[in-house]
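Participant: Sequence and predicted structure, then a few things I'm wondering about:
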Amino acid sequence: MPSDPTPRMCSYCNTQYCHQGFRTHENACRKRYEQRREDIELVRLIQQVDDIQVRYHPNSGCPTQVYYFEDYRCGPGAPAAPPKVDPEPWCPFHTHIDFEAAELAHEAALTHEQTDWFIKLIHCSRCELFTLQNRKDVWDTWDAASFKLTPFTKEEVVVPFQGVDQTFPFFHRSLWDWVVDLLQDPEVGPYFVFDAQQLSKFNGKKFVRYIHEPWTANAFWEHQSKIPSDGKPLVFVLYADKAKLSSFGCAKGYPIVARCANLPAAVHNGEGLGGGRVVGWLPIVKEDKKHSKKPAFVNFKNAVWHTSFLTLLACLMPLSKLGSPVRCWDDVVRTFYPIILILSVDYEEQVVMALIRGLMGKFPCPVCLIPREELSKGLNTYWLHSSGDAKALCARARDSTTAEVREQVLSSESLRDVNNAFDTMKHTDVYQALSFDKLHFNDEGKFDHLWTELQKWITNSGRQAAVLIDALQVVSISFADGTKYKDISKLIVFAAHNVFKHDLDPQAYLLLRCIRSYVEFNTYASLELNEKMHSPLKDAYQDRTNFKNFAEQILRYNHDSLVAEYILSKMECLDAQNFGSSIVPDPLEADSDGLKSTEPTDVQHFSLGSQQATKSFAEIKAANAGDAAFDRFRIKLNEFLNRAFAANGIPFPNGRHIQLAANDMITEFRFIKVSYESLVDWRISMDYLRCNPMFHGSPRYDCVILQAESVWDVTYPIALTLPYNQLVGARLRKDKDFKFWQVKAKPRASAECFSVQSIIRSCVLAEDSSRVNEFLVVDTTDTDIFLRMKEIRAEAGY
């Protein structure tokens, strides 16, 4: 019989086939389907909750990897092999002591006369070869050392205004040479990440994507897809903002700070060689009363800004199109394609970078075309700005026959008739690169307004209210530094909640609730700040300049400081090689009594410091007579040790229960350094804890979060703690409104022993004056404690 011509549908792949060959196809489909089901089931069985999946960009040539959470570390790791060490890292200084003396004089801002005097003293008491003779030797050697890293250069920027060329000095260092310094440095190089990644965390059912570093975001992935397959993205983050250098704001600077986003945030936001660096100093156009605020003069100021920035970007412009090979620290040649991925600036700088007309323009947003009158309609969708559209509009405007028509075309999207420096960079879109800047938008923006309103309420409430609130001594002060507002915002609700009652002062109470909501929002938006770079520039202006032509003097000091930091890091590497790995004392621990400290073992997450003299239990009892916390201390410790040994399967000494005697000895430590895994990014964070009856003139006893179960290892460090787990009173309305978590201390006689291993991290408590012996956990000090307390409230049903 002839075969049935009616096509049949495969039940596995939904493909239509004629009768002939259908059975073979369906069998093959069934096998593939069953294999997929088995693979999916196997994955479900094998994957564990919190496993991390890393999907690499196809151009990397790396397969997708899955890591156990415990094995995955998103923070920077130590280099696989020790870097090559320069045997004479202090060169061009002739000797080790030459450099250290010059570095000290530089750091202390010694005058010329003080430097000469200092050198004479060293010559009088030297015990090793010291070749510097005077301040000129010091200055000349710093000049020679400046070329260890990319130095600043000065160029003239020429921009015409009303037919007359105006000239401005622009100081900058080559962005390309600066980043090549990092790529070739054996200490910084191993931390670079060159390929985009997509990270996912397994929640028990599926992998859920998350982002924590620039190379894990879409923009990095998309850029790598646009460049040749053998190329690597080299990603820059740039920041620019005017800085007041003098107390009265008369002297201003305009630094440009660069970071390399191929380095982990902990590195590029850090203080070391791989951290942010001043790479330029923009000219500031003085206001002219005759032309100020007129469109032509505003365009001129924008043109000066972009012409200067174009000079900075000139070294990257051809490389963004063609790429450039670099022999890196590991002797591997890689071809890099630079891109400006993030421009972290406030609104004023965003307006300049985007070349829009600001708040008075028809479209004041530098990112999208939202009309000014619709700014409050946050749920609507609007067309995004793009560099391509802006260039096309400007070209159409310049083709116009009259100035009036040109203005109509440009104003239709609130653009200025100025060439944008960022348009010269291939794959860089200035509108996509513009980034939210937390310091200016939140701390100096939203909270500044909230704080001004609260100051009015505090003032109107009378002196008693101000006294109750103003333990911070900030109520009557205005600040120019946004970081001060950030600190105030974290604590003001805990200081003011007892002053403004919801029934007596409903508006002020509602304002406090708004501030609490703002702090939560700001915590979620937490980012590293760039403005911290301003402080050393202000210090340099005050201490290192003659207040005339200060830009060059500040940048000279800034570069010498970087060179000194570079030489010091190389000297530390040399010392580590010559004398073995040494533990550098923690700066916060250095102000203790200088006695011995312990080092953590493989299973410990802490180390002890500020060791006191060993004492017997009898001596401790006598020294703390009258303190209920030490009542029955020896007996409490005895009971705790026996209970803990039994619960953790630790063999008893000599097979017998512990019986501590009055003459047994015990060693007290007053400092603990605790490492813990942050809930924010799973990196290891560090807390420094004190338990000291007299620390810088005042008692200091830090609070901690403890793990309820005992955790033990081969050593037995014990902490005598006062628990804050006494039952608290009824939860008040303000506890719900401000998301407070109350705790209450037990009587001192209820002090308990805990293993130091049980300490998770520190916490801060604020006394609640409205409730006797009750405290509020301050959950706004950092993002980790904020998330921990959020979990605790959720578990309690709040």
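Facilitator: Received it, and whenever you're ready, just let me know what you need. Numbers count the residues shown, from 1 in each chain.

Participant: quick one: the strands in the stretch 151-300 of the chain?
Facilitator: Along the stretch 151-300 of the chain, the segments classed as strands by DSSP state E, counting those that start in this stretch run 153-161, 164-172, 197-202, 207-210, 231-240, 243-244, 252-253, 255-260, 277-281.

Participant: How about the fifth one, which residues are buried there?
Facilitator: In terms of neighbour count (16 or more other C-beta atoms under 10 Å), strand 231-240 has its buried residues at 231-240. C-beta here means a position set from N, CA and C on the backbone, and glycine is covered the same way.

Participant: returning to that earlier point: list just the one of the strands of the stretch 151-300 of the chain that sits closest to R396.
Facilitator: Minimum separation from R396 across those (C-beta to C-beta) falls at strand 153-161, 23.2 Å.

Participant: Which residues outside that closest one are in contact with it?
Facilitator: For strand 153-161, contacts defined as C-beta atoms under 8 Å, 6 or more residues apart in numbering pick out 165-174, 283, 296-297, 300, 303-304, 307-308, 311, 552.

Participant: now with 6 Å?
Facilitator: The contact list for strand 153-161 (C-beta atoms under 6 Å, 6 or more residues apart in numbering) reads 165-171, 300, 303-304, 307-308, 311.

Participant: Spatially, which two of those are the most separated?
Facilitator: Of all pairs drawn from the contacts of strand 153-161, the greatest distance, 20.8 Å, lies between F171 and F300 (C-beta to C-beta).

Participant: Spell out the secondary structure type for S685.
Facilitator: Secondary structure, DSSP: H, G, I helix; E, B strand; the rest coil: S685 is strand.

Participant: For K84, grab the count of nearby residues.
Facilitator: The number of residues packed around K84, counting by other C-beta atoms under 10 Å, is 9.

Participant: One more: the one 5 residues further on?
Facilitator: Summarising burial for P89: neighbours were counted as other C-beta under 10 Å, giving 20.

Participant: What of E26?
Facilitator: Under the neighbour criterion other C-beta under 10 Å, E26 is assigned a count of 18.

Participant: Kindly report the same for E791.
Facilitator: A count of nearby residues for E791, using other C-beta under 10 Å, gives 10.

Participant: Check the one 3 residues further on too.
Facilitator: Summarising burial for A794: neighbours were counted as other C-beta under 10 Å, giving 9.

Participant: tell me which element it is part of?
Facilitator: Assignment of secondary structure by DSSP states H and E places A794 within helix 783-795.

Participant: residues making contact with that helix?
Facilitator: 523, 526, 678-680, 741, 777, 779.

Participant: Report pLDDT for the residue nearest to F547 when sequence neighbours are not counted.
Facilitator: Ranked by C-beta to C-beta, 6 or more residues apart in numbering and with sequence neighbours excluded, the top spatial neighbour of F547 is A251, at 7.0 Å. On the pLDDT scale, A251 is placed at 87.

Participant: Over to A251: give its phi and psi.
Facilitator: As for A251, its main-chain torsions (degrees, to the nearest 10) stand at phi -100, psi 130.

Participant: Verify the stated contact: it with L245.
Facilitator: Yes: between A251 and L245 there is a contact at 4.4 Å, judged by C-beta atoms under 6 Å.

Participant: who has more neighbours, the two?
Facilitator: Neighbours per residue (other C-beta under 10 Å) separate A251 from L245, with L245 holding more: 22 against 17.

Participant: now that one: how far from F309?
Facilitator: Summarising the geometry, the distance separating L245 from F309, computed by C-beta to C-beta, to the nearest Å, is 21 Å.

Participant: With R463 instead?
Facilitator: Spatial separation of R463 from F309 under the definition C-beta to C-beta is 52 Å.

Participant: and what of C260?
Facilitator: In this structure, C260 and F309 are 18 Å apart, going by C-beta to C-beta.

Participant: What ranges in the stretch 51-200 of the chain fall below the confidence cut-off?
Facilitator: Under the criterion pLDDT under 70, the flagged ranges of the stretch 51-200 of the chain are 73-83, 126-128.

Participant: go again using 90 as the cut-off
Facilitator: Where the stretch 51-200 of the chain drops to pLDDT under 90, the residues are 51-52, 66-91, 93-135, 138-139, 142.

Participant: Helices of that one, residue ranges please.
Facilitator: For the stretch 51-200 of the chain, the helices defined by DSSP state H, counting those that start in this stretch cover 96-107, 112-125, 135-145, 175-183.

Participant: Just put those helices in CSV and tack on distance to P58 and mean neighbour count.
Facilitator: Supplementary listing: the helices of the stretch 51-200 of the chain in CSV, determined by distance: least, C-beta to C-beta, whole Å; neighbours: other C-beta atoms under 10 Å:
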stretch, distance to P58, mean neighbour count
helix 96-107, 48, 19
helix 112-125, 58, 13
helix 135-145, 44, 17
helix 175-183, 23, 20
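
Participant: Let me have the ones you listed in TSV, adding distance to Y68 as columns.
Facilitator: As requested, the helices of the stretch 51-200 of the chain are exported to TSV (distance: least, C-beta to C-beta, whole Å):
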stretch	distance to Y68
helix 96-107	45
helix 112-125	56
helix 135-145	47
helix 175-183	32
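
Participant: buried stuff in the helix holding A794?
Facilitator: Of the residues in helix 783-795, those with enough neighbours to count as buried (16+ other C-beta under 10 Å) are 783-790, 793.

Participant: One more: stretch 168-175?
Facilitator: 168, 170-175.

Participant: who's in contact with the helix or strand hosting Q408?
Facilitator: Element membership of Q408, judged by DSSP H and E, is helix 403-411. By C-beta under 6 Å, 6+ apart, the residues outside helix 403-411 that reach it are 396-397, 400, 417.

Participant: tell me which of those is nearest to R670?
Facilitator: Sorting the contacts of helix 403-411 by how near they are to R670, with C-beta to C-beta, puts D417 at the top with 66.8 Å.

Participant: In space, what's closest to the closest one - neighbours in sequence excluded?
Facilitator: Counting by C-beta to C-beta, 6+ apart, L410 is the residue found nearest to D417 once chain neighbours are left out, at 5.9 Å.

Participant: The one you found: neighbour count?
Facilitator: Summarising burial for L410: neighbours were counted as other C-beta under 10 Å, giving 21.

Participant: Just checking the distance from stretch 166-186 to the centre of its chain.
Facilitator: Here stretch 166-186 is found 23 Å from its chain centre; the criterion is C-alpha atoms, centre = their mean, to the nearest Å.

Participant: Convert the C-alpha atoms of stretch 219-230 to CSV, please.
Facilitator: In CSV, the C-alpha atoms belonging to stretch 219-230 read as follows (Å, rounded to 0.1, in the frame of the first residue of the first chain):
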residue,chain,number,x,y,z
ALA,A,219,27.0,47.3,30.0
PHE,A,220,30.4,45.5,30.4
TRP,A,221,29.0,42.4,28.7
GLU,A,222,27.6,44.4,25.8
HIS,A,223,30.8,46.3,25.3
GLN,A,224,32.8,43.1,25.1
SER,A,225,30.4,41.9,22.5
LYS,A,226,31.1,45.0,20.3
ILE,A,227,34.9,44.7,20.2
PRO,A,228,36.9,42.0,18.4
SER,A,229,36.8,38.6,20.0
ASP,A,230,40.5,38.7,20.9
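
Participant: buried sites along that stretch?
Facilitator: Neighbour counts over stretch 219-230 (16+ other C-beta under 10 Å) mark 219-221, 223-224, 227 as buried.

Participant: now do stretch 389-406
Facilitator: In terms of neighbour count (16+ other C-beta under 10 Å), stretch 389-406 has its buried residues at 390, 394, 397, 406.

Participant: Which strand or helix spans the first one?
Facilitator: For A390, the host element (DSSP H and E) is helix 387-398.

Participant: related to what we said a few turns ago, with distance to A662 and pLDDT added, can I get the buried residues of stretch 219-230 in a markdown table?
Facilitator: A markdown table is the format used below for the buried residues of stretch 219-230 (distance: C-beta to C-beta, whole Å; pLDDT from 0 to 100):
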| residue | distance to A662 | pLDDT |
| --- | --- | --- |
| A219 | 68 | 94 |
| F220 | 65 | 96 |
| W221 | 68 | 96 |
| H223 | 71 | 95 |
| Q224 | 70 | 96 |
| I227 | 75 | 96 |
